[in-house]
Structures are given as structure tokens and as C-alpha cells.
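In: give me coordinates for this.
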Amino acid sequence: MSGSRSELDSVGELYAGHQQWLAGWLRQRLGCQDTAADLVQDTFMRLLARPRLFASDGDARAFLTTVAKGLCVDFWRRHQIEQAWLESVRQLDMAVVPSAERQAIIMETLLELDALFSRLPSRVANAFILSQVQGLTYRQIAEQLEVSERMVKRYMAEAMLHCALLQDDLDDDGDTLLLSEVEDD
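Out: Alright, predicted model coming up:
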């Protein structure tokens, strides 16, 4: 945590003055008091990580609203991915359902992949998915995306670079999950 004492005191004052308002604002959008409370805490944790001073209450609320909106989007994305994963697990034969621990690792990997794809330009992400998930050739991808094969190669190079960076991050965290590990379960 960085920031001067006055900035940290300011975060405490902001929390005291705006926590209930933000919780109500989030509760209206999410329809769940518990989730709203979690996102309020996450919003203020972000502010604690990078304390700042605001010229007015309006500026503070605008900042808190912007951070909270981003957290809502993240929450909804994560919820969609979790629901899709749970649905796919429900369709599995009980004999091949991964353990709870393995499921948690797979879920975390899916969330990391989603974060990776959301940072990529849409054509790059689409080319990667068409190649790696659907097994299309570069020529087929080029036809589908209406670009040259050379452009598909560029898209794939960019996607692979991002995958390598993600793998590096996972290796640093000790959370590496290889597809072969998943298939062995």
C-alpha cells in the first residue's frame, strides 16, 4: 500500500461517507445484498491500493461508481463462466467428474483465459479460438475472418505471445495447469 497519511485518512473518510450509498447503488444493480457488500469492499480495496484525494464528493462518487461498474462487469463475466462450467460438469458421467480441487483449478484457469481473451483485440481472440478450439486451418480462418493468411499468422503470433505471458504469470504463482493434467482426471 502506498500513499501519504492524509491520502489514507481520506480513504477512511470516503468509506465512512460513501460506503452505504455505494452499497445501495450496487444492490440495485445486482439484486443481492451480499454480492453488493463484497463489491463495495473490493472497490475500497482498489482505492486503498492507490489512494488519491478528490476535489469534491461528486468527484469521489464518480470515481467510486466507475470502479464499481468495472467490478460489476468482472462479476457478471465470472458468473457466466462459472455457470457454463457447472452446466458442463452436470452433463458429465459421475465417473469422470473432476475432484472439487481440480474443478477449482479448472475454473481459475478458465477465468484467466477469459481475462486473456478480453485483453486481446477481437479478431486476434477469434483467430486463436478458431484455430485452437475449433481446429480450423489458417486458410479457413482467413476465409471466415475475411483477411489474408498472413494476417491470421500475425493474429496467432499476438495470441501466442499473450498465452506465453499468461503461462509465465501462472508459473510465477505456482498455479500452472496443463491440459494433460485435466485429461488424466
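
In: only C-alpha atoms from now on, for both contacts and neighbour counts.
Out: Will do.

In: what residue is smack in the middle of this structure?
Out: The chain has residue 115 as the residue nearest its centroid, 4.3 Å off, counting by C-alpha atoms, centre = their mean.

In: and that one, what pLDDT?
Out: Looking at residue 115, its pLDDT stands at 83.

In: SS state for it?
Out: Three-state call for residue 115 (DSSP: H, G, I helix; E, B strand; the rest coil): helix.

In: what distance do you get for it to residue 99?
Out: Residue 115 sits 24 Å away from residue 99, going by C-alpha to C-alpha, to the nearest Å.

In: ok, now residue 81?
Out: Taken as C-alpha to C-alpha, the span from residue 81 to residue 99 is 18 Å.

In: who has more neighbours, those two?
Out: residue 81 (16 against 10; other C-alpha atoms under 10 Å).

In: check contacts around the more buried one.
Out: By C-alpha atoms under 8 Å, 6 or more residues apart in numbering, the contact list for residue 81 reads 110, 111.

In: quick check: which element contains it?
Out: Element membership for residue 81, per DSSP states H and E: helix 57-90.

In: now that helix: mean pLDDT?
Out: The predicted model gives helix 57-90 an average pLDDT of 92.

In: and that helix, which residues are buried?
Out: 60, 61, 64, 65, 67, 68, 69, 71, 72, 78, 81, 82 (16 or more other C-alpha atoms under 10 Å).

In: just name the closest of these to residue 140, please.
Out: residue 81 (27.7 Å; C-alpha to C-alpha).

In: now that closest one: how far from residue 16?
Out: Residue 81 is 34 Å from residue 16, by C-alpha to C-alpha.

In: one more: residue 79?
Out: Residue 79 is 29 Å from residue 16, by C-alpha to C-alpha.

In: before we move on, what about residue 156?
Out: Going from residue 156 to residue 16 by C-alpha to C-alpha gives 49 Å.

In: residue 56 too?
Out: Taking C-alpha to C-alpha as the measure, residue 56 falls 15 Å from residue 16.

In: returning to what we had before: let me know the closest of the buried residues of helix 57-90 to residue 144.
Out: Checking the buried residues of helix 57-90 against residue 144 by C-alpha to C-alpha gives residue 81 as the nearest, at 25.7 Å.

In: what is the burial count for residue 28?
Out: A count of nearby residues for residue 28, using other C-alpha under 10 Å, gives 12.

In: helix, strand or coil: sort out it for me.
Out: Following three-state DSSP, the label given to residue 28 is helix.

In: distance between stretch 75-84 and the chain's centre?
Out: In terms of C-alpha atoms, centre = their mean, to the nearest Å, the centre of stretch 75-84 is found 10 Å from the chain centre.

In: again with stretch 125-136
Out: Centre-to-centre, stretch 125-136 and its host chain are 20 Å apart (C-alpha atoms, centre = their mean).

In: so which bits of it are buried?
Out: Across stretch 125-136, burial judged by 16+ other C-alpha under 10 Å covers 125, 126, 127, 128, 129, 130, 131, 136.

In: noted, bye for now.
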